[in-house]
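Colleague: Using only what follows, build the 3D model:
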Amino acid sequence: MNGEHPNQVLLNLDDWQRVHRPRELMHFAPVMPLSTAGGCLAIALYLWPVLPHASSSAWLAAGLALSLTQWWSLRLIGAAAARRAPAREPLGRRRWIVFNALAAGVFWGVTTAVLFPASVEHQLPLALILIAITALWLPLFALAPLGLLVFTVPGLLPMAFGLLASPYPPQTTMGSLLLLLICVFAATALATSRIFFADLAARRALYHQATHDPLVGLANRAEFHRRIQTLEIMRARPYAILFIDLDHFKEVNDTAGHATGDELLRRAGIVLRESVRKEDLAARLGGDEFAVLMEDCAATDALQIAKTILERINTFALTYNGHRRRVTASIGIACSAELCASPGRLIEAADQACYAAKRAGRNRIEVASGSDAGAARASSRASFALISDVPV
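Modeller: Got it, this is the predicted structure:
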């Protein structure tokens, strides 16, 4: 796991923020097919008397087909979002915007170049309609600024340059205004995009500060318990809880100083990040106490991960007052498949197993087991028997 997202918990709320904000902008997505259809109908009604009916009917059918395709693809992107991983949802939405903007830009570019007369009274409503469509799509272009480029290059620029090339002042004036509006739209879309993503980055930073320990970068106690409550509500697959407590940590703080103690905690956090699976949640509960929540994990897998953590912590060595001292830890494990208890009871069981490891001599792993599931649920203190005594 990387340093930016040390725990998969970020896929729950941090990435939820990253996905939710694009969803808010995508509420404007129906504007795209509706504006395409509305623009086609408005132009057809205005220019129908001066256009050949056969060609205008084919053009109108093509425009309505494009709007239906945009609507259909919008439904598909919504269905795909329900199946896609949250981290990939914004990418799919941006691709939808860019693809549909390109298709619409090509359609309107062909329209202005081939179908319509060159008289000012007919070009003016067409230009106004295209400007209105672009303005309506600006919220979407804020999410995908590339969409504005692929729409304006084939859709608006041919008309603007065609008007500028005209020898008649009214048309050159219209062309200049159209280019100016394109620049204004581009600046607006880029500014809105920067504000949007700056707001998103600020939300992500605030969320990370609220849910992670600033010293070691792991989830904090509040986030750990939130995930436990989520498991209790969802009744998820078997999972395990590890409690890790550094041995004699108070003595390290008192003799070597708090700076050395903080460095030891940071190194322990690195071990947890690198030892647990990607979908697991590692947390610092406070002081020298750490915990790991492992979903869909059997007791044997949890024990193997605990051994890895303990072996790596054993490689630590502190030197102070002329003495070199090896660092050890005590680990308690509680598995839902063994105890058949609620997450709250499993936390108690893992905590008790950790203290049992300390009482048994430290630098070891103890696994909690309960033979009576009903008693495990009813008891305010977890009942367990030590079934593993693993010296390292």
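
Colleague: export the helix or strand harbouring Asp254 as CSV, just CAs?
Modeller: Using DSSP states H and E, Asp254 sits within helix 249-256. Taking Å, rounded to 0.1, in the frame of the first residue of the first chain, the C-alpha atoms of helix 249-256 are listed here in CSV:
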residue,chain,number,x,y,z
PHE,A,249,7.0,1.5,25.6
LYS,A,250,6.6,3.7,28.7
GLU,A,251,10.1,2.8,29.7
VAL,A,252,11.4,3.8,26.3
ASN,A,253,9.7,7.2,26.6
ASP,A,254,11.0,7.7,30.1
THR,A,255,14.6,6.7,29.4
ALA,A,256,15.3,7.5,25.7
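
Colleague: what about whichever helix or strand comes after it, average pLDDT?
Modeller: The element immediately downstream of helix 249-256 (helix or strand, assigned by DSSP H and E) is helix 258-275. Helix 258-275 carries an average pLDDT of 88.

Colleague: same question, stretch 155-166
Modeller: pLDDT averaged over stretch 155-166 gives 85.

Colleague: mind listing what's buried in that stretch?
Modeller: For stretch 155-166, the neighbour count (16 or more other C-beta atoms under 10 Å) marks 155-160, 162-163, 166 as buried. For the C-beta atoms, the positions are set from N, CA and C on the backbone; glycine is no exception.

Colleague: What of stretch 113-133?
Modeller: Buried-residue list, stretch 113-133, by 16+ other C-beta under 10 Å: 115-116, 122-123, 126-127, 129-131, 133.

Colleague: picking that back up, helices or strands next to the helix holding Asp254 in the packing?
Modeller: With contacts taken as 3 or more C-beta pairs under 8 Å, 6 or more residues apart in numbering; DSSP states H and E, helix 249-256 sits against helix 258-275, strand 317-320.

Colleague: That one vs helix 258-275, what angle?
Modeller: Interaxial angle of helix 249-256 relative to helix 258-275 (axes from the mean of the first three to the mean of the last three C-alpha atoms, to 10 degrees): 140 degrees.

Colleague: still on that earlier bit, ok, which of the helices and strands packed on helix 249-256 comes nearest Ala205?
Modeller: helix 258-275 (19.2 Å; C-beta to C-beta).

Colleague: Would you check how far apart Gly162 and Gly175 are?
Modeller: Taken as C-beta to C-beta, to the nearest Å, the spacing of Gly162 relative to Gly175 amounts to 7 Å.

Colleague: Just the pLDDT at Asp245, thanks.
Modeller: Asp245 is given a pLDDT of 92.

Colleague: Partner strands of the helix or strand harbouring it, with direction?
Modeller: Using DSSP H and E, Asp245 sits within strand 239-246. Here strand 239-246 has these sheet partners by DSSP bridges: strand 289-295 (antiparallel), strand 329-335 (antiparallel).

Colleague: contacts for the next helix or strand after the first one?
Modeller: It stands for strand 289-295. Once the chain leaves strand 289-295, the next helix or strand it forms, by DSSP H and E, is helix 299-313. With contact meaning C-beta atoms under 8 Å, 6 or more residues apart in numbering, helix 299-313 is reached by 240, 242, 244, 246, 268, 271-272, 274-277, 292, 294, 327-329, 331, 333, 335, 337-338, 363-365, 367, 388, 390, 392.

Colleague: Just the buried residues of the residues you listed.
Modeller: 240, 242, 244, 246, 268, 271-272, 275-276, 292, 294, 327-329, 331, 333, 335, 338, 363-365, 367, 388, 390.

Colleague: Which secondary structure elements does the helix or strand encompassing Thr230 sit against?
Modeller: Using DSSP H and E, Thr230 sits in helix 221-234. When contacts are defined as 3+ C-beta pairs under 8 Å, 6+ apart, helix 221-234 sits against helix 169-211, strand 281-286, strand 289-295, helix 343-359.
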